[in-house]
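Undergrad: got a predicted model here, sequence first, then my questions.
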Amino acid sequence: FVVVGRQAWQYKEVMSLIERSNDIFYLDYLPFNQLITLIRAARGVFFPSLYEGFGLPVLEAFICGAPVVTADASSTREIAGDAAMLVDPYDVRKIRDAFRKLEEPNNDQMHFEMTERGRARAALFTEDVVAANLDAMYQKVLAD
């Protein structure tokens, strides 16, 4: 299990747990190309964020073809749609169960389906699609 990200608010307890484990590796910062390589090789990406302004890590994982587990709250739910496993970010058991589900043997079909749904979902947020939607919204506002 690899944890990537800057240490933030209340990180000391989490770091203490990571340091006691031989199965969890922590990486503070990765250059973008290394992060993308890691995501592409991942069995899944977990992003149970409590607050997220947009949910870019979810889209990045979708584009890279990684199954995603993310919070059923904030913008990540909206970005993920039906393409990710959604969990209560405050419920450690639900997060654990999602992790176990991704790790079950012989679940290649589930991984394939999540990858396909993720890529389809990411296509809804391309630069051209977002620009067209934004333009349509401005046209509607200006017409009213």
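TA: Thanks, I have the structure now.
Undergrad: just give me the residue closest to the centre of the protein.
TA: Val58 (3.2 Å; CA atoms, centre = their mean).
Undergrad: sec struct for that residue, please.
TA: Under DSSP: H, G, I helix; E, B strand; the rest coil, Val58 falls in the helix class.
Undergrad: check contacts around the closest residue to it other than its chain neighbours.
TA: Nearest residue to Val58 in three dimensions, chain neighbours excluded: Ile79, at 4.9 Å (CB to CB, 6 or more residues apart in numbering). To be clear about C-beta, it is placed using only N, CA and C from the backbone, and glycine gets the same treatment. The contact partners of Ile79, by CB atoms under 8 Å, 6 or more residues apart in numbering, come to Phe54, Gly55, Val58, Leu59, Arg121, Phe125.
Undergrad: checking my notes, Ile79 in a helix, right?
TA: Yes. Counting by three-state DSSP, Ile79 is part of a helix.
Undergrad: for the helix of greatest length in the chain, give me every contacting residue.
TA: If you go by DSSP state H, the chain has its longest helix at helix 127-143. Here helix 127-143 makes contact (CB under 8 Å, 6+ apart) with Ala123.
Undergrad: show me what the helix or strand that contains Arg93 is in contact with.
TA: If you go by DSSP states H and E, Arg93 is part of helix 92-103. Outside helix 92-103, the residues that touch it by CB under 8 Å, 6+ apart are 43-44, 46, 48, 67, 69, 85, 87-89, 107, 110-111.
Undergrad: scan the helices and strands of this structure for the one with the lowest mean pLDDT.
TA: helix 11-19 (a mean of 85; mean pLDDT, DSSP states H and E).
Undergrad: following that one, which helix or strand comes up?
TA: strand 25-27.
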